[in-house]
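**Student:** 3D model of this:
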Amino acid sequence: MREQSLEVRETVRRRYVAAAVQVAEGGTAGCGPEPVETDENFGSTRYGADERGTVPAEAVAASLGCGNPTAVADLREGERVLDLGSGGGIDVLLSARRVGPTGKAYGLDMTEEMLALALANAAQAGATNVEFLKGTIEAIPLPAHTVDVVISNCVINLSVDKPAVFAETFRVLRPGGRIGVCDVVADDALTAEQRAERGNHVGCVAGALSFTEYRAGLEAAGFTGIEIVPTHPVADGLHSAVVRATKPAGAD
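**Tutor:** Okay, the predicted model is just below:
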């Protein structure tokens with residue numbers, strides 16, 4: 001099982017390395033960044049034109065998510081926000097604008113290539129209230145009670161250890177903190193085999209939790225006020241969904 005998990009993680013890593021290299025080389029060639037190929041359910045089309053216009057083209061081109069978590073997380077001035085699986089940095093840069101100079105936006109990614117692209121995008125955007133961290137979403141390299149909000153865009157679904165992701169997310173949130181996540185979620189009626197038939201793990205489909213499993217995972221980690229609302233279909237029986245939940249104010 002551990003070998004299979006490592007194989008899945010390496011497959012995911014290679015996909016995102018290739019995406020980062022494609023975008024970076026497109027920009028270096030002077031022809032403008034080449035958008036990573038996705039279907040209409042994923043990528044930069046999930047953002048409004050006004051949002052895409054406020055960040056570097058390379059950040060837009062590298063977007064692989066299934067939604068727009070910054071639009072659902074209700075970010076406020078002065079808050080600290082963490083983006084799990086930050087990729088080229090589009091959600092970090094949008095978050096940094098929303099929380100303002102008194103707030104801070106962290107981005108966490110496991111690939112050197114995406115981190116390099118994100119740092120270049122942050123420098124181009126002139127963002128000074130951002131910080132990018134290397135690591136996995138199953139072992140977040142931040143102390144407990146560091147952030148007010150955790151966001152993610154179709155990345156938790158790729159994890160091979162989702163209970164660890166939920167537990168780590170709960171740990172780094174301050175009491176009273178919240179999550180605003182976009183992810184792919186499966187109908188409860190679909191078996192694991194049926195989910196696998198609808199796409200591969202890197203395509204954000206085979207690893208999807210069902211609505212019931214997702215809720216149970218968040219509850220087991222300690223979250224309350226859980227909402228999982230589908231937004232659009234991405235395959236038969238699978239949906240992009242907005243996930244919101246809160247860490248109780250009295251939580252240790």
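
**Student:** in the stretch 51-200 of the chain, what spans have low per-residue confidence?
**Tutor:** 51-66, 199-200 (pLDDT under 70).

**Student:** Run through the strands of it in chain order.
**Tutor:** 80-84, 104-109, 130-134, 147-153, 173-186 (DSSP state E, counting those that start in this stretch).

**Student:** what's the neighbour count on residue 143?
**Tutor:** The tally of other residues near residue 143 (other Cβ atoms under 10 Å) stands at 9. C-betas here are computed from N, CA, C, even on glycine.

**Student:** Could you measure from it over to residue 82?
**Tutor:** Residue 143 sits 12 Å away from residue 82 when distances are taken as Cβ to Cβ, to the nearest Å.

**Student:** What ranges does the stretch 101-250 of the chain have for its helices?
**Tutor:** 112-125, 162-172, 192-197, 211-221 (DSSP state H, counting those that start in this stretch).

**Student:** The first one to strand 80-84, inter-axis angle?
**Tutor:** Right, the one you point to is helix 112-125. For helix 112-125 against strand 80-84, the angle by axes from the mean of the first three to the mean of the last three Cα atoms, to 10 degrees is 140 degrees.

**Student:** CA atoms of helix 112-125 as PDB?
**Tutor:** This file holds the C-alpha atoms of helix 112-125, laid out as PDB (Å, rounded to 0.1, in the frame of the first residue of the first chain):
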ATOM      1  CA  GLU A 112      10.600  22.900  -6.900                       C
ATOM      2  CA  GLU A 113       9.500  23.900 -10.400                       C
ATOM      3  CA  MET A 114       6.100  25.200  -9.300                       C
ATOM      4  CA  LEU A 115       7.600  27.000  -6.400                       C
ATOM      5  CA  ALA A 116      10.100  28.700  -8.700                       C
ATOM      6  CA  LEU A 117       7.300  29.800 -11.000                       C
ATOM      7  CA  ALA A 118       5.200  31.000  -8.100                       C
ATOM      8  CA  LEU A 119       8.100  33.100  -6.700                       C
ATOM      9  CA  ALA A 120       8.700  34.600 -10.100                       C
ATOM     10  CA  ASN A 121       5.000  35.500 -10.400                       C
ATOM     11  CA  ALA A 122       5.000  37.000  -7.000                       C
ATOM     12  CA  ALA A 123       8.000  39.200  -7.800                       C
ATOM     13  CA  GLN A 124       6.400  40.200 -11.100                       C
ATOM     14  CA  ALA A 125       3.200  41.100  -9.300                       C
END
